[in-house]
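In: coords please:
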Amino acid sequence: MISENQMLSQIITIWIVVILLALLVFFRAKVARLIIEFFTAKTHPVNLAVFRIMAFGLYLKWEPTEALLFSEFPKELLFVPEGLRWIIPYIPIDPSIVNLLVPLFKIFVFFAMVGFFSQFSAAMTALLAIYLFGIPQLYGKVTHYHHIIWFWMILAASPCGHALSIDALIKRWKNRKDKIYVPLQESIIYALPIRFIWLLIGYIYFSAGFWKWRVGGLDWIFSNNLIYRLYFKWIEFPGWTPSFRIDHYPLVCQFLALGVIVFEISFIFLIFFPRLRYVAIAAGLMFHQMTRFFMRIYSIDLYYSYIVFFDWYKIFWKLCNKFNLKWTTTVREISTHKNQQLNLRKHLIPTIIVGVILVVGNFYCGFKNIHSWPFSCYPTFANPFLIPYTSQLEAVLVTDGGREISFRDSTLGSQLPSYRFSGLMKAIFFTENPQLQKKRFNALWEYIKSKDPSADRFKAIRFYEKAIILIPEESFRNPIEKKLLFEIQVKN
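Out: Predicted structure coming up:
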């Protein structure tokens with residue numbers, strides 16, 4: 001049964017689509033010119049190089065904790081994301097392979113950052129990351145850090161090492177005896193990779209906003225949904241609330257909920273307009289600051305990726321002029337018009353192929369709400385919270401004496417991040433085939449016993465559904481209800 005708000009949301013959607021299509025037809029010449037200008041724009045290689053340094057530099061200190069832990073898991077605990085079932089049987093998952101590849105990953109991520117064999121190093125980093133970052137995604141919970149892989153793939157297909165790189169210094173040294181040089185110029189080969197990165201950032205927001213509106217509609221905005229969603233996040237941090245309690249201002253929260261959906265859906269369109277682009281950038285930076293402050297969501301690599309929207313060459317040039325510093329970039333030899341055309345094709349074709357595959361593949365997942373790897377819809381938070389209550393699944397271990405101990409306090413539970421642990425336990429619990437479910441429980445238990453000799457004192461695993469009140473001031477009452485759903489005897 002469709003509610004009045006859902007019906008009204010659908011009517012509004014139809015009207016918006018009709019109006020946008022009418023505007024698109026009426027201004028089709030301007031729209032076509034805008035799209036052409038967007039994809040044929042030129043920029044300086046320094047701008048692409050700055051993004052390269054940031055994108056790889058953020059992962060210099062990456063540690064393979066989750067990859068190593070999950071690579072030891074038994075095969076029975078694999079929950080393969082949609083679209084990967086055909087290939088996973090052919091991919092070996094083993095700690096020895098992870099230990100072998102991690103040093104290679106760190107070498108290539110450093111080489112890519114400093115621009116040494118830039119494109120090859122970027123390609124190897126992306127390839128190794130698909131494996132290393134992908135292992136934890138196969139065990140019940142898909143966590144969304146896909147974008148950094150997409151960015152690395154685009155950088156690997158682009159001339160990202162033409163400036164601020166060891167490659168550029170080597171080329172300059174090799175050509176030091178030549179007398180004819182011109183500075184590196186702005187070109188489409190540097191701008192197009194950046195444009196694809198913009199589109200992918202816009203896609204991340206669009207997929208979330210699209211599903212918020214489609215599922216929640218007006219209920220997502222004109223209700224206490226945002227307040228209750230804040231509460232839901234706060235219960236992950238017992239005893240914590242932000243220093244400013246925005247939940248005490250319901251009208252402000254409804255205005256912010258509206259702003260979230262408008263921002264997420266419009267971002268990808270605003271970046272096509274040079275002037276409105278900065279509105280989208282400012283809104284995005286504010287959005288991430290607010291989610292950090294009110295929800296402790298730290299999208300660090302996505303937040304820092306906003307440097308891709310700025311013209312760093314002009315910024316550096318103005319700073320150098322202001323402080324009377326000499327500013328030069330690496331140089332190249334003058335080539336003929338024919339050679340220039342060949343170089344354009346050489347660099348543009350890989351960028352276009354990789355960029356189109358990433359954009360099309362991700363938009364397909366976004367519209368289908370598919371959470372997979374390395375393509376995926378991003379978290380939508382689409383279902384509105386209309387009441388300040390939720391339910392949680394809790395797993396407990398039962399000793400021979402009947403005492404219950406939270407699974408979170410076990411060796412495995414303490415090693416896994418909470419989102420990984422809850423994702424794995426939910427995936428096992430909701431396995432539809434009873435025999436397969438029992439097989440997975442036994443495999444999990446055998447793994448736990450191999451890591452924790454004291455596990456022999458437990459005889460069963462129980463699953464409870466807990467009713468939780470979200471209001472922070474009433475959290476002392478939790479759980480307000482606890483119901484046993486399932487118990488399984490474990491092997492000893």
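
In: what's the single longest helix in the protein?
Out: Longest helix of the chain, by residue count under DSSP state H: helix 337-368.

In: counting by contacts, list what that helix packs against.
Out: Under the contact definition 3 or more Cβ pairs under 8 Å, 6 or more residues apart in numbering; DSSP states H and E, helix 337-368 sits against helix 146-156, helix 188-211. Placement of C-beta: from N, CA and C, glycine included.

In: what helices and strands are in contact with the very next helix or strand once past the longest one?
Out: Heading C-terminal from helix 188-211, the first helix or strand you meet, by DSSP states H and E, is helix 218-221. Taking 3+ Cβ pairs under 8 Å, 6+ apart as contact, the helices and strands that helix 218-221 lies on are helix 4-26, helix 250-270.

In: so which residue is dead centre in this protein?
Out: residue 145 (3.3 Å; Cα atoms, centre = their mean).

In: surely that one and residue 298 touch.
Out: No - shown here, residue 145 and residue 298 do not form a contact pair, counting by Cβ atoms under 8 Å, at 11.7 Å.

In: phi and psi next, for residue 404.
Out: According to degrees, to the nearest 10, the main-chain angles of residue 404 amount to phi -100, psi 130.

In: ok, now which ones touch it?
Out: The neighbours of residue 404, taking Cβ atoms under 8 Å, 6 or more residues apart in numbering as the test, are 396-398, 462.

In: could you check how far it is from residue 439?
Out: In this structure, residue 404 lies at 24 Å from residue 439, with Cβ to Cβ, to the nearest Å as the measure.

In: same question, residue 55
Out: The value you get for residue 55 to residue 439, if Cβ to Cβ is used, is 41 Å.

In: higher neighbour count, the two?
Out: Each of residue 55 and residue 439 has its neighbours counted (other Cβ atoms under 10 Å); residue 55 has more, 27 against 15.

In: tell me the pLDDT of the closest residue to that one other than its chain neighbours.
Out: Computed as Cβ to Cβ, 6 or more residues apart in numbering, the closest residue to residue 55 that is not its neighbour in sequence is residue 151, at 5.1 Å. Predicted confidence (pLDDT) at residue 151: the value is 97.

In: would you confirm that residue 151 contacts residue 305?
Out: Yes - with contact taken as Cβ under 8 Å, residue 151 and residue 305 are classed as touching, separated by 6.9 Å.

In: residues that sit against both of these two, list them.
Out: By the contact definition Cβ under 8 Å, 6+ apart, residue 151 and residue 305 are jointly contacted by 51, 55, 197.

In: ok, the last one - contacts?
Out: It refers to residue 197. Taking Cβ under 8 Å, 6+ apart as the test, what residue 197 contacts is 51, 150-151, 154, 305, 308.

In: let's see that with 7 Å instead.
Out: When contacts are counted by Cβ atoms under 7 Å, 6 or more residues apart in numbering, residue 197 is found next to 151, 154, 308.

In: again, but for the second one
Out: Applying Cβ under 7 Å, 6+ apart, we find residue 55 in contact with 148, 151-152, 155.

In: 10 Å instead?
Out: Applying Cβ atoms under 10 Å, 6 or more residues apart in numbering to residue 55 gives the contacts 109, 112-113, 122, 125, 147-148, 151-152, 154-155, 160, 197, 301, 304-305, 307-308.

In: hey, where'd the strands end up in the stretch 301-450 of the chain?
Out: In the stretch 301-450 of the chain, strands defined by DSSP state E, counting those that start in this stretch lie at 331-332, 389-399, 404-406, listed in chain order.

In: now the residue nearest to the centre of the chain: how far from residue 68?
Out: With Cβ to Cβ as the criterion, residue 145 and residue 68 are 17 Å apart.

In: what do you get for residue 243?
Out: Plainly put, residue 243 is 37 Å away from residue 68 if you go by Cβ to Cβ.

In: is it true that residue 45 touches residue 167?
Out: No - Residue 45 lies out of contact with residue 167 (Cβ atoms under 10 Å); the separation is 11.2 Å.

In: which positions in the host helix or strand of residue 278 come out as buried?
Out: According to DSSP H and E, residue 278 maps onto helix 277-295. The neighbour-count check on helix 277-295 (16 or more other Cβ atoms under 10 Å) flags 277, 280-281, 283-284, 287-288, 290-291, 294-295 as buried.

In: alpha carbons only: can I get it in PDB?
Out: Coordinates of each C-alpha in helix 277-295 appear next as PDB, following Å, rounded to 0.1, in the frame of the first residue of the first chain:
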ATOM      1  CA  ARG A 277      30.900  24.000 -10.100                       C
ATOM      2  CA  TYR A 278      32.200  25.900  -7.100                       C
ATOM      3  CA  VAL A 279      28.800  25.800  -5.500                       C
ATOM      4  CA  ALA A 280      28.900  22.000  -5.700                       C
ATOM      5  CA  ILE A 281      32.500  21.900  -4.400                       C
ATOM      6  CA  ALA A 282      31.600  24.200  -1.400                       C
ATOM      7  CA  ALA A 283      28.500  22.100  -0.700                       C
ATOM      8  CA  GLY A 284      30.500  18.900  -0.800                       C
ATOM      9  CA  LEU A 285      33.200  20.100   1.500                       C
ATOM     10  CA  MET A 286      30.500  21.300   4.000                       C
ATOM     11  CA  PHE A 287      28.600  18.000   3.600                       C
ATOM     12  CA  HIS A 288      31.700  16.000   4.600                       C
ATOM     13  CA  GLN A 289      32.600  18.300   7.500                       C
ATOM     14  CA  MET A 290      29.000  18.000   8.900                       C
ATOM     15  CA  THR A 291      29.000  14.200   8.600                       C
ATOM     16  CA  ARG A 292      32.300  14.100  10.400                       C
ATOM     17  CA  PHE A 293      31.100  16.400  13.200                       C
ATOM     18  CA  PHE A 294      27.600  15.000  13.700                       C
ATOM     19  CA  MET A 295      28.100  11.300  12.700                       C
END
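
In: low-confidence ranges in the stretch 351-492 of the chain?
Out: Per-residue confidence for the stretch 351-492 of the chain (pLDDT under 70) gives these ranges: 410-414, 491-492.

In: of residue 151 and residue 305, which one has the most company?
Out: Just comparing residue 151 and residue 305: by other Cβ under 10 Å the higher neighbour count belongs to residue 151, 27 against 23.

In: isn't the more buried one right up against residue 48?
Out: No - applying Cβ under 10 Å as the test, residue 151 and residue 48 come out as separate, 11.2 Å apart.

In: so what sits against both of these two?
Out: What both residue 151 and residue 48 touch, as defined by Cβ under 10 Å, 6+ apart, is the set 193, 197, 308.

In: residue 460 should be in a strand, yeah?
Out: Yes - counting by DSSP: H, G, I helix; E, B strand; the rest coil, residue 460 is located in a strand.

In: so what sits opposite it in the bridge?
Out: Note on residue 460: beta-bridge partners residue 398, residue 489, judged by DSSP bridges.

In: which residues touch it?
Out: Each residue near residue 460 by Cβ under 10 Å, 6+ apart is listed here: 396-400, 402, 404, 487-490.

In: which of those count as buried?
Out: Of the members of the contacts of residue 460, the ones counted as buried by neighbours, 16+ other Cβ under 10 Å, are 396-398, 490.

In: of those, which is the nearest to residue 138?
Out: Residue 138 lies nearest to residue 490 out of the buried ones among the contacts of residue 460, by Cβ to Cβ, at 23.4 Å.

In: that closest one against residue 441, yeah?
Out: Yes - applying Cβ under 10 Å, one finds residue 490 in contact with residue 441, separated by 7.0 Å.
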